[in-house]
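# Sharing a model that was predicted from the sequence below.
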Amino acid sequence: MTNEALLKLAYEATEKSYAPYSNFKVGAALLTKEGKVFTGCNVECASFGGTNCAERTAVFKAISEGYHDFVKIAVVSAGEGFTYPCGICRQVLNEFAPEIDIIMDDHGKELVVNLKEMLPYSFGPTDLK
């Protein structure tokens, strides 16, 4: 799947976002090694700790359906600039796909960054063996 197609699905996912507090709608589209795509949106909660980001929503949906091998993830919002995954999302992505490419878009300008660049010196499953 092309980066452009994955970005399109991520933008579509923003439409399902529940962001009444921040009004910052985020969408993600996660591609598995098998070619299946799982989308996610951010879901806010009045008790802010209960909020879940779009990236983790997509990952958790994939894991709950039995998929564990991820190739790339697109992350977008309607905001200005690129929307980078937060620290918690980076850690969750690292758990399952430490080599994943993260595709972002800023009004037609695409940026691809590998998770290892975003999360240097990470702690993950191999550190517990």
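Nice, I can see it.
# where along the chain do the strands fall?
26-32, 37-41, 70-77, 101-106, 109-114 (DSSP state E).
# contacting residues around the residue nearest the centre of the chain?
Nearest residue to the geometric centre of the chain (C-alpha atoms, centre = their mean): Glu55, 2.7 Å. For Glu55, the contacting residues are 28, 30, 40, 73, 75, 85, 89, 92-93, by C-beta atoms under 8 Å, 6 or more residues apart in numbering. No exception for glycine: its C-beta is placed from N, CA and C like everyone else's.
# Return the distance of it relative to Val26.
8 Å (C-beta to C-beta, to the nearest Å).
# Common neighbours of these two, please.
The contact lists of Glu55 and Val26 share Val75, where a contact means C-beta under 8 Å, 6+ apart.
# those helices in the chain, which residues are they?
3-14, 54-64, 87-96, 115-118 (DSSP state H).
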